[in-house]
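Here is my input, please return the structure:
(chains A, B, C, D, E and F)
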4 protein chains.
Amino acid sequence: MPPQEINGFEARRQRRIARKHARIMKSAAQVFAAKGYRTTTTREIARAADMAEGTLYNYFAGKREIFLSIVEEVLAALLELLEDVGQLETRADVVAFVEMLFDVLSTKPASIRTLVMEAWVDDLILQDLLMERIVSIMAQVEGFIAASIVEGKFRPMDSRLATRMLFGMFAGLVLPVLRGMEAPPAPPERHAMAEAAVNLLMEGIQLRDE
Amino acid sequence: MPPQEINGFEARRQRRIARKHARIMKSAAQVFAAKGYRTTTTREIARAADMAEGTLYNYFAGKREIFLSIVEEVLAALLELLEDVGQLETRADVVAFVEMLFDVLSTKPASIRTLVMEAWVDDLILQDLLMERIVSIMAQVEGFIAASIVEGKFRPMDSRLATRMLFGMFAGLVLPVLRGMEAPPAPPERHAMAEAAVNLLMEGIQLRDE
Amino acid sequence: MPPQEINGFEARRQRRIARKHARIMKSAAQVFAAKGYRTTTTREIARAADMAEGTLYNYFAGKREIFLSIVEEVLAALLELLEDVGQLETRADVVAFVEMLFDVLSTKPASIRTLVMEAWVDDLILQDLLMERIVSIMAQVEGFIAASIVEGKFRPMDSRLATRMLFGMFAGLVLPVLRGMEAPPAPPERHAMAEAAVNLLMEGIQLRDE
Amino acid sequence: MPPQEINGFEARRQRRIARKHARIMKSAAQVFAAKGYRTTTTREIARAADMAEGTLYNYFAGKREIFLSIVEEVLAALLELLEDVGQLETRADVVAFVEMLFDVLSTKPASIRTLVMEAWVDDLILQDLLMERIVSIMAQVEGFIAASIVEGKFRPMDSRLATRMLFGMFAGLVLPVLRGMEAPPAPPERHAMAEAAVNLLMEGIQLRDE
DNA sequence: CATGAATGAGTCTTCATTCAT
DNA sequence: GATGAATGAAGACTCATTCAT
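Alright, predicted model coming up:
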């Protein structure tokens, strides 16, 4: 059997495995999001993925590993996006960025809901997976704000506090979608929301005489 | 036996019961906050409250009832405060109000963390205990913002979005405390945070020429 | 303090104790009869006897001892009656005897129902408390039948089988009362039943030409 | 895969399940009969059926369902037999019928002992499972006796009482077997017992001059 | 003596994981 | 690789018994 043949088989096998992985993770994320990690049984995951319970264990070491894979995947997507937060310059940049965030959140709401849920409960998840990266991103944002203040573009303020409030503000916007109380906004609506959010953040709530 | 005697016995008994209730709820809230409702075992609650497992059942009908009592208690405290949200008028009012919220959150962080956690997972908790009341409070705030826009005090904006962002902003501030990542701020710090938060909300992040 | 005084106190104490014993046994028999021994809780017994759970243990060593006392008491009453089974001679004697049995069964249906129930399940109860005495009584009856056959008063038959059927026949009559499906028959009715029972037993069901 | 193959798999699966059901029910009936429903633990049932405790729950929803299945099964067997009670005409019919009853009782003594036990304690079992059907059968027998009296075949008597005594008589015969005090009679013995029973019932105990 | 709160062993049941087919 | 039956550890809850008041 020529090597390329072997590779062909091997590649096909890899693809089959990847497909199963994806199927399991997607199904599991749905159930996790709906019921919580602990309350979800492997039986439910298997049923949702339309396979036998035992089959799960051919692709993942266990329930926890399925969960971790989901979380890692969505984190990777989020972090890839957030990496570029340092590059933002114009207001349009920021609006576009917020829109993209909406986009990610709308694409994988189940995974993100699951991630948030466990990070809220499980110290290991929070520490090992999230904290380091979030801290780094928040530091970038905070640095950006601090610099803008020095440059005279932003008002003097506690940049740390401002960063937190900024993240919270954004979270407040997307929370009903994540929690499953509202459908994700359609793209045009998404743009309007991003505009409004950035606007409110920049200008404040109060009308000022000019 | 004179009636005051009877009342004396009965009253003492009531107090003893109330003390146990409080002890159990406090211990349980700690464990729930640290591990989540489902992951917490009655054995752990009993150990935390320094009593036998069976004793819990002399005071609560079951694990779920302990949890619900904790949640109801903290909700009552929160809602009592939030009820007055309609009365706020001056900027100082708002700052004071935010400070008081900080205060409540700092007093019972375990209970609130537990409440948030379960509301995030359990639809019944969210619907039956939270939504109705939160919706009403948000409606008040939204109405206030809308009115202020009409009066020309606030800039024209989507009042619904603004309300959400406002709640999110505040949540962003207190989240590290709730999550147990930071100690609650001391009262003077608390005032500074409240000032900064209200300031950022009102004036926006951006410096504007006057 | 003169001895008769002491005796007076002592006697009164004994009577008080006896009264409590009776109260507990009566109440317990009711609950046992209604729910079965295992299903009945000491809490229910205490409630039925209108006292605290702990008080039971001042009068009985435990739940099992309460039950055994009930059983012993009713057994004593039954056996006292059955002792005389050897003396029966005329048909009127037998009818009177059956009536008296009805009487005992009607007086303490709860206790008897309890006894039967446990004897049906618990080998120790059956062996230690019942078998010896029942066997002895059945032996008497069987002997009586055998003798009557020899004397030419009864038809030739398997006297062992006949004895069993006789006891079973009687059991069939009282079972609905014991099981609590029917009220105990009033005395006149009782007499009629006894007459009919003895009649059927003696003469058989079938009409015979004379 | 050809359809007969599918059916083959499915049929084999069904048979495997049926075998396990039978194994569990048989083992459980033994333990129930020996100790009573309430006193029997699922651990004991599992041990008796030589499987893990959890496995029980792959085949029955719970302990109660195991019990109910046992009861329903034996009831079905009994009732199928008793249905024909109305067809009996000659004395030989009756004797044959009694023999068949012996047969059923000897086949599943544990199940019947369990059934009787719980019907004695549990009102729901008695009412929902037994009474309706037993009442109907007793009514048939009673009607038969009453008719025979009218026809002049039986002596005048209280047919209701006679029915009860008849059932009791039969119960008295089989009770030692059911209670596990005696081995079931071998078939020839069985015939003799049936003969004797019917004879005694028909002719009575007393010798009468002809 | 009476009380009833405290105890913890023992119950039924669930479910992640293994493994024979 | 896929299956799903078997496993048994772990969990919520009950209740007979003890004991301080």
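
Contact partners for the residue nearest the centre of chain A?
By C-alpha atoms, centre = their mean, chain A has its centre lying nearest to A:Leu78, at 4.4 Å. A:Leu78 sits next to A:104, A:112 when contact means C-beta atoms under 8 Å, 6 or more residues apart in numbering or on different chains. The way it works is simple: take the backbone N, C-alpha and C, and place the C-beta from them, glycine included.

What residues does the residue in chain A positioned nearest to chain D make contact with?
As assessed by C-beta to the nearest C-beta, chain D sits closest to A:Arg43 within chain A, at 11.8 Å. The contact partners of A:Arg43, by C-beta under 8 Å, 6+ apart, come to A:Glu53.

again, but for the one 4 residues further on
Shown in contact with A:Arg47 (C-beta under 8 Å, 6+ apart): no residues.

Could you check the pLDDT of A:Glu10?
According to the prediction, A:Glu10 has pLDDT 81.

pretty sure it belongs to a helix, no?
Yes. Residue state for A:Glu10 (DSSP: H, G, I helix; E, B strand; the rest coil) corresponds to a helix.

Tell me which helix or strand the residue of chain A closest to chain D sits in.
helix A:42-48 (DSSP states H and E).

is that helix up against DNA strand E anywhere?
Yes. Under the criterion of C-beta under 7 Å from any atom of the strand, DNA strand E is reached by helix A:42-48 at A:42-43.

List the buried residues of that helix.
Within helix A:42-48, the residues that count as buried by 16 or more other C-beta atoms under 10 Å in any protein chain shown are A:42, A:44-46, A:48.

sorry, back to before: isn't there a helix covering the residue nearest to the centre of chain A?
Yes. Applying three-state DSSP, one finds A:Leu78 inside a helix.

any idea how far it lies from A:Asp103?
For A:Leu78, the distance to A:Asp103 (C-beta to C-beta, to the nearest Å) stands at 11 Å.

got it, and A:Ala52?
Counting by C-beta to C-beta - A:Ala52 and A:Asp103 are separated by 35 Å.

Flag the shaky bits of chain A, pLDDT-wise.
Across chain A, the ranges flagged by pLDDT under 70 are A:1-6, A:208-210.

By proximity to DNA strand E, which residue of it wins?
Across chain A, no residue is closer to DNA strand E than A:Gly62, which sits at 2.9 Å (C-beta to the nearest atom of the strand).

rewinding a little: in JSON lines: the buried residues of helix A:42-48, plus distance to B:Val71.
Shown next, in JSON lines, are the buried residues of helix A:42-48 (distance: C-beta to C-beta, whole Å):
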{"residue": "A:Thr42", "distance to B:Val71": "29"}
{"residue": "A:Glu44", "distance to B:Val71": "26"}
{"residue": "A:Ile45", "distance to B:Val71": "29"}
{"residue": "A:Ala46", "distance to B:Val71": "33"}
{"residue": "A:Ala48", "distance to B:Val71": "29"}
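
mind listing what A:Leu101 touches?
Listed by C-beta under 8 Å, 6+ apart, the contact set of A:Leu101 reads A:81, A:170, A:174.

10 Å - rerun?
By C-beta atoms under 10 Å, 6 or more residues apart in numbering or on different chains, the contact list for A:Leu101 reads A:78, A:81-82, A:85, A:170, A:173-174, A:190, A:194.

Name the nearest of those residues relative to A:Phe32.
Of all the contacts of A:Leu101, A:Phe32 sits closest to A:Leu78, with 16.9 Å by C-beta to C-beta.

and A:Glu10, how many neighbours?
The tally of other residues near A:Glu10 (other C-beta atoms under 10 Å in any protein chain shown) stands at 11.

Chain C versus A:Thr107, what's the distance?
Note on A:Thr107: its distance to chain C, by C-beta to the nearest C-beta, to the nearest Å, is 56 Å.

If we ignore the residues flanking it in sequence, what's nearest that residue?
Nearest non-adjacent residue to A:Thr107, counting by C-beta to C-beta, 6 or more residues apart in numbering or on different chains: A:Ala77, 7.9 Å away.

so that neighbour sits right up against A:Ser111, yeah?
Yes. Counting by C-beta atoms under 10 Å, A:Ala77 touches A:Ser111, with 8.6 Å between them.

can you list residues touching both of those two?
Shared contacts of A:Ala77 and A:Ser111, defined by C-beta under 10 Å, 6+ apart, are found at A:Val104.

In terms of neighbours, single out the busier of the two.
Just comparing A:Ala77 and A:Ser111: by other C-beta under 10 Å the higher neighbour count belongs to A:Ser111, 27 against 15.

so that one sits in a helix?
Yes. Assessed with three-state DSSP, A:Ser111 lies in a helix.

So the helix holding A:Arg43, near DNA strand F or not?
No. Helix A:42-48 is not in contact with DNA strand F by C-beta under 7 Å from any atom of the strand; minimum separation 7.8 Å.

Which positions within stretch A:105-117 qualify as buried?
By neighbour count on 16+ other C-beta under 10 Å, the buried set for stretch A:105-117 is A:105-106, A:108-117.

what's the answer for stretch A:63-76, then?
Neighbour-count burial for stretch A:63-76 flags A:63, A:66-71, A:73-75 (criterion: 16+ other C-beta under 10 Å).

Off-centre distance for it?
12 Å (C-alpha atoms, centre = their mean, to the nearest Å).

thinking again about what came up before, may I have the next helix-or-strand element following the helix holding A:Arg43 as PDB, with CA atoms only?
Next helix or strand after helix A:42-48 toward the C-terminus (DSSP H and E): helix A:53-59. This file holds the C-alpha atoms of helix A:53-59, laid out as PDB (Å, rounded to 0.1, in the frame of the first residue of the first chain):
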ATOM      1  CA  GLU A  53     -23.100   6.600  26.000                       C
ATOM      2  CA  GLY A  54     -20.100   4.400  25.600                       C
ATOM      3  CA  THR A  55     -19.200   6.100  22.300                       C
ATOM      4  CA  LEU A  56     -18.500   9.300  24.000                       C
ATOM      5  CA  TYR A  57     -15.600   7.700  25.700                       C
ATOM      6  CA  ASN A  58     -14.100   6.800  22.400                       C
ATOM      7  CA  TYR A  59     -13.600  10.500  21.800                       C
END
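
For chain A, just list every one of the helices.
For chain A, the helices defined by DSSP state H occupy A:3-35, A:42-48, A:53-59, A:63-82, A:91-107, A:109-121, A:123-124, A:132-151, A:159-178, A:187-203.

Out of those helices, which one sits most buried?
Mean neighbour count, computed with mean count of other C-beta atoms under 10 Å in any protein chain shown, is highest for helix A:109-121 among those, reaching a mean of 23.

Filtering the buried residues of helix A:42-48 by proximity to chain C, which remain?
When C-beta under 10 Å from any C-beta of the partner chain is applied, no member of the buried residues of helix A:42-48 is adjacent to chain C.

Many thanks, we can stop here.
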